[in-house]
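Enquirer: give me a model of this one.
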Amino acid sequence: MNLTIRQLEILVAIGDTLSLTGAAERLGVSQPSVSETLRRVESELGCKLVDRTTRHLALTHEGQHVVASAREAVRSLAGTFEAIARRGEGVRGRVAIAALPSVVCTLLPPVFRSFRKLFPGIEVQVRDTLQDRALAMLESGVVDFAIVGRPASSGPFLFEEIASDRLSLVMSRQHALAARESVGWTELAKLDFIAISPASSVRRLTDAGFIHANLPVAPAYEVDQISCAAALAAADLGVTALPTMTFAMFTHEALSMVPLVDPTIRRSIGIAWLKSRPLSASAIKFVAALRSDQASRPSA
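Expert: Next comes the predicted model:
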C-alpha cells in the first residue's frame, strides 16, 4: 500500500497523543477525518492499530510497529526538506531531545542560549523525563537523541560521555551526620533511607552503593521526584543519596550535602542515540554546541 505524507503524519499524531481528538487538534484537522484515515489504514493493512474504549486509546502491538515506521518516514522526509532549506539563506530545522531533569536544569540552559544565537531558525524541543522513559522515546523515534546516564547495556544505543558527577548524602541540617566531611555507605545501615523510584538512573546508583557495602536495599520511603526526596529529607524523615548535578532542582536552606565514600559512586552523563538511525543535520549541530560548551567548562 502507498500512504500519503498526511496519513503518515496522522498516524504519528495518534501515536504521540493516544487520542483521536488530540491528534486532530495537533494537525488542525477534524476529528472525523482522523478517524476515517485510521479506518482506511487499518482496512488496507488488515489489522487493528488501536484498541479503543469510550475513554481510552492504546496502540496494539501492530500499531506500535506501524506508528514507529510512520515516524521514521516522516523524520526522513523532514531531514530531506531541511537539507533543501539549508541551501537557502537561513538554516532551518528542528531537533527533539529527551533529557534527565537534572541535565535540563544544569547543562542545557547555556547551550540553549548559544545555540539560539547561532541557529535561530532551528526549533529545539526538550522533554525532561526519567532515564527509562527517555530511552523509550529515543527508541520509538519521538526524539533525535537523549542526554541520560550511561545505559545499563548498550543494546541499540551508542553513548558518548559528556559530564559526570558523584553521589552525596542529603539530609536535614539538624541531622547527626550533617557536619561530617564525608560519610561511608556502611553508616547508612541504621538510617531511614529515602529512595528514588527504579525508573530513575539515580536508583541504580544508590542500589549499587548499598550492594557494595553489603547492605540490604530497603527504603523507608520511595518517591518519583528528586524534589520530593529532598523535601522528605529536609523534614528529617530520613536521608537520601543524590548526584551533585541534581542539587539545582531543590532549595538548600534546610539541607546538608555530604560526599558519600567507600565507595565513591560516580554517574556518567552523556548523549545516547540509536545505532540504526543517524542524527539529523540539526541534531548534529546541537550535539556540536553541547560538546563545545562542555569542553569549555573546568574539570570537576
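
Enquirer: regarding residue 162, what is its secondary structure?
Expert: Following DSSP: H, G, I helix; E, B strand; the rest coil, residue 162 is assigned to strand.

Enquirer: do you have the strands of the stretch 1-150 of the chain handy? List them.
Expert: Along the stretch 1-150 of the chain, counting by DSSP state E, counting those that start in this stretch, strands occupy 50-52, 57-59, 93-99, 122-128, 145-149.

Enquirer: any low-confidence regions in this structure?
Expert: 1-2, 53-55, 78-91, 298-300 (pLDDT under 70).

Enquirer: where exactly do the helices run in it?
Expert: If DSSP state H is used as the criterion, the helices of the chain fall at 5-17, 20-27, 31-45, 61-86, 101-106, 108-118, 131-140, 201-212, 226-234, 281-295.

Enquirer: quick one, which of these is nearest to residue 150?
Expert: helix 201-212 (8.4 Å; C-beta to C-beta). (C-beta placed from N, C-alpha, C; glycine too.)

Enquirer: quick one: the closest one to strand 145-149, angle?
Expert: If you take axes from the mean of the first three to the mean of the last three C-alpha atoms, to 10 degrees, helix 201-212 sits at 30 degrees to strand 145-149.

Enquirer: now do helix 201-212: which elements does it pack against?
Expert: Identification of packing neighbours for helix 201-212 by 3 or more C-beta pairs under 8 Å, 6 or more residues apart in numbering; DSSP states H and E yields strand 145-149, strand 157-172, strand 194-196, strand 240-243, strand 266-274.

Enquirer: and the closest residue to residue 203 other than its chain neighbours, what does it touch?
Expert: Excluding the flanking residues, the one nearest residue 203 by C-beta to C-beta, 6 or more residues apart in numbering is residue 196, at 4.9 Å. Residue 196 makes contact with 202-203, 206, 222-224, 226, 229, 240, 242, according to C-beta atoms under 8 Å, 6 or more residues apart in numbering.

Enquirer: make CSV out of the residues you listed and add neighbour count.
Expert: Below are the contacts of residue 196 laid out as CSV (neighbours: other C-beta atoms under 10 Å):
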residue, neighbour count
202, 26
203, 19
206, 25
222, 14
223, 18
224, 12
226, 24
229, 30
240, 27
242, 27
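
Enquirer: which of these sits closest to residue 168?
Expert: Taking C-beta to C-beta as the measure, residue 242 is the one of the contacts of residue 196 closest to residue 168, at 6.5 Å.

Enquirer: run a quick neighbour tally on the closest residue to residue 16 other than its chain neighbours.
Expert: Nearest residue to residue 16, sequence neighbours excluded (C-beta to C-beta, 6+ apart): residue 142, at 6.9 Å. Neighbour count for residue 142, taken as other C-beta atoms under 10 Å: 20.

Enquirer: distance of the residue nearest to residue 126 when sequence neighbours are not counted from residue 148?
Expert: Spatial nearest neighbour of residue 126, excluding adjacent residues (C-beta to C-beta, 6+ apart): residue 97 at 4.9 Å. To residue 148, residue 97 is 10 Å away according to C-beta to C-beta, to the nearest Å.

Enquirer: common neighbours of these two, please.
Expert: Listed as contacting both residue 97 and residue 148 by C-beta under 8 Å, 6+ apart is no residue at all.

Enquirer: now the closest residue to residue 194 other than its chain neighbours: how far from residue 278?
Expert: Once flanking residues are discounted, residue 194 sits nearest to residue 240: 4.1 Å by C-beta to C-beta, 6+ apart. Counting by C-beta to C-beta, the gap from residue 240 to residue 278 is 40 Å.

Enquirer: just residue 15 next, same as before
Expert: Taken as C-beta to C-beta, the span from residue 15 to residue 278 is 22 Å.

Enquirer: so for those two, which residue has more residues nearby?
Expert: The neighbour count for residue 15 versus residue 278, taken as other C-beta under 10 Å, is higher for residue 15 (22 against 12).

Enquirer: tell me how many other residues crowd the spatially closest residue to that one that is not a sequence neighbour.
Expert: Excluding the flanking residues, the one nearest residue 15 by C-beta to C-beta, 6+ apart is residue 67, at 3.5 Å. Residue 67 sits with 22 neighbouring residues when counted by other C-beta under 10 Å.
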